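Student: For reference, the sequence and a predicted model appear below.
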Amino acid sequence: GATAEVQPELSRAVAYAAGRYLHVLSPQN
């Protein structure tokens, strides 16, 4: 249903947000 379609996009958004958050916590550049 709707959740099945939204879940991949949501998990992708969460992974992206987590990556950005970790990058902000410890900027290696």
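Tutor: Yep, that arrived.
Student: in this protein, which ranges drop under the pLDDT threshold?
Tutor: The model of the chain has pLDDT under 70 over residues 1-2, 29.
Student: if you set the cut-off to 90 instead, what comes out?
Tutor: Scanning the chain for pLDDT under 90 picks out 1-8, 26-29.
Student: can you give me the helices in it?
Tutor: 2-25 (DSSP state H).
Student: where's residue 15 relative to residue 22, distance?
Tutor: Taking CB to CB, to the nearest Å as the measure, residue 15 falls 11 Å from residue 22. All C-beta atoms are positioned from the backbone trio N, CA, C, and that covers glycine.
Student: wait, residue 8
Tutor: To residue 22, residue 8 is 21 Å away according to CB to CB.
Student: next one: residue 3
Tutor: 27 Å.
Student: ok, these two, which is more surrounded?
Tutor: Shown here are residue 3 and residue 22; by other CB atoms under 10 Å, residue 22 has more neighbours (11 against 7).
Student: and that one, what does it touch?
Tutor: Residue 22 makes contact with no residue, according to CB atoms under 8 Å, 6 or more residues apart in numbering.
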